[in-house]
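1. Give the three-dimensional model of this entry:
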Amino acid sequence: MENSNLGFKLWLWGLYLMSLTKKGFSALELQRLIGHKRYEPIWLMMHKIRISMGHRDDKYVLDGYIEMDEGFFEGHRKKQDEVATKEMDRQVTAVVAVSRNPVAENKRSKHHPGAKAGYVKMKVVSSLSNKDVGYEATKMIHRSATVMTDGKRCYNSLKSICTAHETIVVRDKKEVSKIFPWVHVAISNVKKKLLGLHHQVKDAYMQNYLNEFCYKFNRRFFGIALFDRLIAAALEKAWYKPNYG
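-> Residues are numbered from 1 along each chain as shown. All right, here's what the predicted structure looks like:
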């Protein structure tokens, strides 16, 4: 709430509404629900909350059996040249990891044939290089984890980061969703949310939207307690300070 002209009640309504549904709201929708006259303060408030969500999730790492893959999300930016300012689309690359929990035989179903999704992490990277992927992987994954990836070279650094790195090269794209089911479900759900709810996202703020998705997914069973937990997350750390550990 620092340097904000929004009232205390508006902040509480913003926190409550952002924790109300797993799909979330656009800034314009939240502005209408709260009844505020201006769009910009509501937009900024939502991004501050999303950054706090990211700081909270950065405290935890994934362990056990993990699926990892890269996701490409449609970003948007303005590019200035000598003639004029142009609107352009740009793919934003993120490393996505999802932990898997085994399912007992008597509880298996069509949607949970052998394992169910545990927790998810998504981090934007500037490139799919060993250095960039390895840097994020060290913050996302516990050393005792077993990570399963495809055959891309950018994941070679995982051999020195986690206990075991399983590589499965998939030739048929139709089989990818069967071998890496949960990581592809997570990527698909984010794309649907960005397109259906926000329509267009600036690439500079992509990580914030991924923070919101991961935070809600990881706490999908919290129910009404999610509001209280979000307040605790928002009070724990200043939104403008990066998480160095």
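2. average pLDDT for the top strand by length along the chain?
-> Longest strand of the chain, by residue count under DSSP state E: strand 85-102. Mean per-residue pLDDT for strand 85-102: 81.
3. okay, Thr138: pLDDT?
-> 94.
4. elements contacting the longest strand of the chain?
-> strand 65-80, strand 115-124, helix 130-140, helix 181-193, helix 206-218 (3 or more C-beta pairs under 8 Å, 6 or more residues apart in numbering; DSSP states H and E). Yep, even glycine has a C-beta here, placed from its N, CA and C like the rest.
5. Just the buried residues of it, please?
-> By neighbour count on 16 or more other C-beta atoms under 10 Å, the buried set for strand 85-102 is 92-100.
6. Strand partners (parallel or antiparallel) of it?
-> strand 65-80 (antiparallel), strand 115-124 (antiparallel) (DSSP bridges).
7. Leaving out chain neighbours, which residue sits closest to His198?
-> Distance criterion C-beta to C-beta, 6 or more residues apart in numbering; nearest residue to His198, sequence neighbours excluded, is Ser26 at 5.7 Å.
8. Count the neighbours of the one you found for me.
-> As a burial measure, Ser26 scores 14 neighbours (other C-beta atoms under 10 Å).
9. relative to helix 181-193, how tilted is the longest strand of the chain?
-> Per axes from the mean of the first three to the mean of the last three C-alpha atoms, to 10 degrees, the angle that strand 85-102 makes with helix 181-193 is 150 degrees.
10. So which helix or strand of this structure has the lowest pLDDT on average?
-> Within the chain, no helix or strand scores below helix 176-179, which has a mean of 77 by mean pLDDT, DSSP states H and E.
11. hang on, the earlier thing: from what I see, the residue nearest to His198 and Gln200 are in contact.
-> No. Ser26 is beyond contact range of Gln200, at 10.6 Å (criterion: C-beta atoms under 8 Å).
12. For those two, list the residues in contact with both.
-> With contacts defined as C-beta atoms under 8 Å, 6 or more residues apart in numbering, no residue is shared by Ser26 and Gln200.
13. Tell me which residues of the least confident helix or strand of the chain come out buried.
-> Buried, per 16+ other C-beta under 10 Å, within helix 176-179: Val176.
14. how many neighbours does Tyr135 have?
-> A count of nearby residues for Tyr135, using other C-beta under 10 Å, gives 16.
15. and Glu166, what helix or strand is that in?
-> Under the criterion of DSSP states H and E, Glu166 resides in strand 164-167.
16. Next, Gly24: secondary structure please.
-> Taking DSSP: H, G, I helix; E, B strand; the rest coil as the rule, one finds Gly24 in the coil state.
17. Quickly list what the closest residue to Lys191 other than its chain neighbours is bridged to.
-> Leaving aside its chain neighbours, Lys191 sits nearest to Phe73 (6.4 Å; criterion: C-beta to C-beta, 6+ apart). Applying DSSP bridges to Phe73 yields these beta-bridge partners: Val92.
18. And the most centrally placed residue in the chain, what's its pLDDT?
-> The centroid of the chain falls nearest to Leu210 when counting by C-alpha atoms, centre = their mean (2.9 Å). On the pLDDT scale, Leu210 is placed at 96.
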